[in-house]
Structures are given as C-alpha cells and as structure tokens.
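Enquirer: the following comprises the amino acid sequence and a computationally predicted model.
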Amino acid sequence: GNSVTQMEGPVTLSEEAFLTINCTYTATGYPSLFWYVQYPGEGLQLLLKATKADDKGSNKGFEATYRKETTSFHLEKGSVQVSDSAVYFCALTSPNTGNQFYFGTGTSLTVIP
Amino acid sequence: GAVVSQHPSWVICKSGTSVKIECRSLDFQATTMFWYRQFPKQSLMLMATSNEGSKATYEQGVEKDKFLINHASLTLSTLTVTSAHPEDSSFYICSALPGVGVFDQPQHFGDGTRLSIL
C-alpha cells in the first residue's frame, strides 16, 4: 500500500539554524512526492514537489530530493526564519491511487528569534 | 494561478443546523475535488473524493447522509454537514486537482472552514 511516515515534532529551532524534517514513504509504482506547509488557521500551500527519482524540488530556500534507494524525501533549509514557523506535511500520490494523496502526520516547526 | 476559494472561513451555529461549505476553483477547472477534515494538531483525514457530474466516493467510516457532497460544475463542489452536532466541530479543508488523468499534479487547497457547533 501507500503511506508516508514523517518525523514527529514539534521542532523548535533558533533563527538561522539548519532545518531537516525527515519523510519516508511506501508506495506501489512510481509516486510523486510533495511538501505542503500550513500556517496557523489556514489551508495547505504547496511548498515543493518532485515527480521522479533524483529530482530536487526547491522553493523559498527549502529543498527536498527524491531518493528512490532510501524511499525518502527529506525537507531541508539552510537558515530558517521566524516566518517559517508552521506545520509541514509530506505527501505522495501515484498513478494507482486514483489521484488520492497520502499525507504524513505533519511536523510542527517553531522558529524563535 | 491555481487558486481555490473556500467559503465560509468560519461558521458558528446551533446544534441541529445544516451547514453548507463551498469550494471553488477560481482560475482552473477541477474534475476532482477532495474534502478533508483536520482535528487540532493532527494531519488531514480524507473524507471523500468529489468528481464532477458523478456521486462522491466516501472514505470508510464517513457517513454519506451526514456529509452531503455535490460537485455540480467543474469549478464548484459543496459539502453540507446535515443536522450538525458538537462532535462535527472541526476544520474542514477542500482541495482541487486541475486536469484529468495527470497524477503528478499537486492538489490546490482552500484556506479551510472552521466549523463550531454549539
């Protein structure tokens, strides 16, 4: 089956620290992988995506590389800001899921000045 | 581009009331829309998949008669919580998928509706 396992939070970092949020997946076929961000009281916003192995998605200083050999899609940012405080969700979809997305449990990030 | 508008953003009503939530894709056509429910500090729980012109597909454990979904056009899906009770209080989020048969496109999310039943 399809599933996403995400690093549990909450994560608290000081401003300008390095961020890694781990995400591993199980999927049949060749999934596409996504990171979404949710700010308090809002819906989800697409942060980045990768559709095939070795692709690197990047946006707003965040990066994640699709690693088929380790079935991972870890989110990284070199220097976090207070404004990055949010909940981050890893997700996958694949041709055999009928367009359904599978989300991880979410990781709450708080960045302190 | 790819904006999804969800309305209302917050609704408070008495127990027994029916509440309708709208989800519109503003600048694209969405053959498929999804409805999620999110409890505090938890992930999204898929409730149903809404396909334009056909009946919605509900996930196991979601009451079809309680959560009525209508996807009458390529840009609008509605979720009606019928005879709402306090346990239905939650954050409801819709998403829309542009295109047909393209599995690697991201879902585009509305800003969610906070439903509070007194």
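Expert: Received the coordinates, thanks.
Enquirer: how many other residues sit next to residue 32?
Expert: Unless you meant another one, I'm taking chain A. Residue A:32: 23 surrounding residues under other CB atoms under 10 Å in any protein chain shown. For glycine as for every other residue, the C-beta is placed from the backbone atoms N, C-alpha and C.
Enquirer: right idea, wrong chain: chain B
Expert: 22.
Enquirer: likewise the one 5 residues further on?
Expert: For residue B:37, the neighbour count with other CB under 10 Å is 20.
Enquirer: does chain B have contacts with the lowest-mean-pLDDT helix or strand in chain A?
Expert: When each helix and strand of chain A is scored by mean pLDDT, DSSP states H and E, strand A:102-103 comes last, with a mean of 89. Yes - using CB under 8 Å from any CB of the partner chain, strand A:102-103 reaches chain B at residue A:103.
Enquirer: measure the residue nearest to residue A:88 when sequence neighbours are not counted to residue A:1 for me?
Expert: Once flanking residues are discounted, residue A:88 sits nearest to residue A:107: 5.1 Å by CB to CB, 6 or more residues apart in numbering or on different chains. To residue A:1, residue A:107 is 22 Å away according to CB to CB, to the nearest Å.
Enquirer: can you list contacts of the least confident helix or strand of chain A?
Expert: Strand A:102-103 is contacted by residues A:2, A:3, A:4, A:25, A:36, A:89, A:90, A:91, A:92, A:93, B:43, B:44 when judged by CB atoms under 8 Å, 6 or more residues apart in numbering or on different chains.
Enquirer: with stretch B:111-118 instead?
Expert: A:41-43, B:6-15, B:17, B:19, B:21, B:38, B:81, B:84-93.
Enquirer: for ChimeraX, write a command that selects the buried ones of the residues you listed.
Expert: Only the buried entries of the contacts of stretch B:111-118 go into this ChimeraX selection, using 16 or more other CB atoms under 10 Å in any protein chain shown:
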select /A:42,43 /B:6,11,19,21,38,81,84,88,90,91,92,93
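Enquirer: what number of residues lie near the nearest residue to residue B:10 once chain neighbours are set aside?
Expert: Here the nearest residue to residue B:10 in space, its sequence neighbours aside, is residue B:114; by CB to CB, 6+ apart that works out to 4.6 Å. By the criterion of other CB under 10 Å, residue B:114 has 16 neighbours.
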